[in-house]
Structure formats: C-alpha cells, structure tokens
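Enquirer: Just the structure for this:
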Amino acid sequence: MSIVDVLSNISDRRKGGDQCQFNGYLEDYLETLEDGNLKTSLAHLFEAEPNLRIIVDLSFDVNKDVISNQIIRYKDASKLPKGFLKAPYIVYGKAAGDAEMGILLIDGDKSDYPLAKGLYYCLTEQTGMLENARNELVAVNTDQPEVVASIGKKLLAQTQRVGALQREVDRHYYNSFNALNELVLAKAEDLKNSTIEHCKETQERGDLIYSAISKWYLLKKTVYVQYMTNKDLLEKDNEGNIKKQRHNAKLHADQVPFMAFSELWRV
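Expert: Okay, here's the model as predicted:
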C-alpha cells in the first residue's frame, strides 16, 4: 500500500482512534500552532501544495522480529508500553504524476536529527507500517525551515529520487559516518544526564524512563542501519565482507551510552 493509502485510513482522537492525535488537512492543523520553526516549516509545505495532509503523533511498536533489532539486542526496548514509539509529524499527499510523497518531521535542533532517521528506519523496515512507502518518505528536522521547503518542493515535483533527497538533508548535519556517530554519542550522553536529573525530581518517572529508552533505541537503530547501508564502509573498512560489516555495525550500536531500565528506577 502507498503512503497515502496507509496513513489516510488511520483514525485520530477526534474520531475515536488511539493511534494518532490528529490526521487531516495540513491547513487545519496549521491554525492550531503558535509561531516557531515547526509552523514555519509546515507553512512552507502548505504553500507548495495546499491539499497536503498531516498525521500527528503516529504511534507504533518496536518490531522484535526484525533481524537488525535482534542483532542490536537492546532488551529494554521490549519493555516499552504498546504504541509508545511516536512519529511526531508526517506530512503526506499526492505528488507529480501518479506519485505520492511524505515528509517525517521532528521539531528540534541538530542533535535531534538522528532520532528522525531512527523513526524513518523503524517505519520503513521489513514489515514496518510504511515498508512499501520507503521510496516515498524523507526524514527532516524543523530547525532549518528552508531545508524543509526545498525538500518538500522537490518531493512534490518528483525531480530527484528519495535517496538523493535524504542524503541532501544529511549533509546539513554531518558529512561522514564518523560525524554522525559523534552526533549520536553526544545526544545519548546528554539524554542520560538529563534523565538522571529529572528522575531525581519526581517519583512519577514512568513516562520519563520510557521516553529515554525509546530515544536510546532510535539512536542505536540509526547508527546500526547507517553503518550497514554505507557501501564505502563495506569496501574500505570491511574488505567487502558483509559479516564483518555487520559485526562492526553492532559494535557501534553497543557503544551508544544508555542506562538500564532497572537502574533508572533506582535513581
């Protein structure tokens, strides 16, 4: 099924659904937002195509059966409540010709971009909700609204393939796997420190802990998949040996700092 077929059939809270907060026309959702990068980014997309729709806080689960998740072996991710993973915003609709398009957005700064990539990998992986829409979806960050506008126009016009557009977005945040890895490690460490501080301030820490676990999972997912899909690393660092590349991808995922579920509850 295409991205429009999948997402347009999900009922939001207004219609009694429990899988998303809002699913409707972008124009209607824009009216609910205050000024900021998110509203500016979405306004650019609306100006490019007034008939676009948006789904907000689309919930889904960690897929335990996917091979990459079994290799990553982040056991705490299996403790997340049902539907705890959420894609904050996906704008979707018809593009040029008979094509369809989608943009997954995270409203944050540079450090949040790897989380957007992790959400993309989860949604488009084997048996993922948007597996068949892998070539219709691009992950972006709202900290650079002009980038959102540019990517949106190109997606709508179908002037470039999705892979090329995603790499174009990537270049605004990192220029190599090592640069991405540094970004991920810093984000994971900051998340660790902030979660400890917030846990000290409250006993009602369930959602706080689950949120941290979900983000550590997304960061591990991003590092693993980015390493595994990098053909240059396969040839230069792994002598064309896919087993060696898989081993090294797992090592990078293992190096992402986190705190265990039980440890967080004892803070």
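Enquirer: Now do the helix or strand hosting Asn193, average pLDDT.
Expert: Under the criterion of DSSP states H and E, Asn193 resides in helix 177-201. Mean pLDDT, helix 177-201: 95.
Enquirer: ok, then the element right after that helix?
Expert: helix 206-228.
Enquirer: what about dumping the CA coordinates of that next one to CSV?
Expert: Extracted in CSV, the C-alpha atoms of helix 206-228 (Å, rounded to 0.1, in the frame of the first residue of the first chain):
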residue,chain,number,x,y,z
GLY,A,206,7.5,6.0,34.2
ASP,A,207,6.9,8.1,31.0
LEU,A,208,10.2,9.8,31.6
ILE,A,209,12.1,6.5,31.7
TYR,A,210,10.2,5.0,28.7
SER,A,211,10.9,8.2,26.7
ALA,A,212,14.6,7.9,27.3
ILE,A,213,14.6,4.2,26.4
SER,A,214,12.7,4.9,23.2
LYS,A,215,15.3,7.5,22.2
TRP,A,216,18.3,5.3,23.0
TYR,A,217,16.7,2.7,20.9
LEU,A,218,16.3,5.1,18.0
LEU,A,219,19.9,6.2,18.3
LYS,A,220,21.2,2.7,18.3
LYS,A,221,19.0,1.9,15.3
THR,A,222,20.3,4.9,13.4
VAL,A,223,23.9,4.0,13.9
TYR,A,224,23.4,0.4,13.1
VAL,A,225,21.5,0.9,9.9
GLN,A,226,23.6,3.8,8.7
TYR,A,227,26.7,1.8,9.0
MET,A,228,25.2,-1.3,7.4
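Enquirer: average pLDDT across that helix?
Expert: On average, helix 206-228 scores 96.
Enquirer: Give me the buried positions along that helix.
Expert: If you call a residue buried by 16 or more other Cβ atoms under 10 Å, then helix 206-228 has these buried ones: 208-228. Using the backbone N, CA and C atoms, a C-beta is placed for each residue, glycine as well.
Enquirer: circling back: give me the contact list for the helix holding Asn193.
Expert: 110-115, 170, 173-174, 205, 208-209, 212, 215-216, 219, 222-223, 226-227, 230, 233, 252, 255-259, 264, 267 (Cβ atoms under 8 Å, 6 or more residues apart in numbering).
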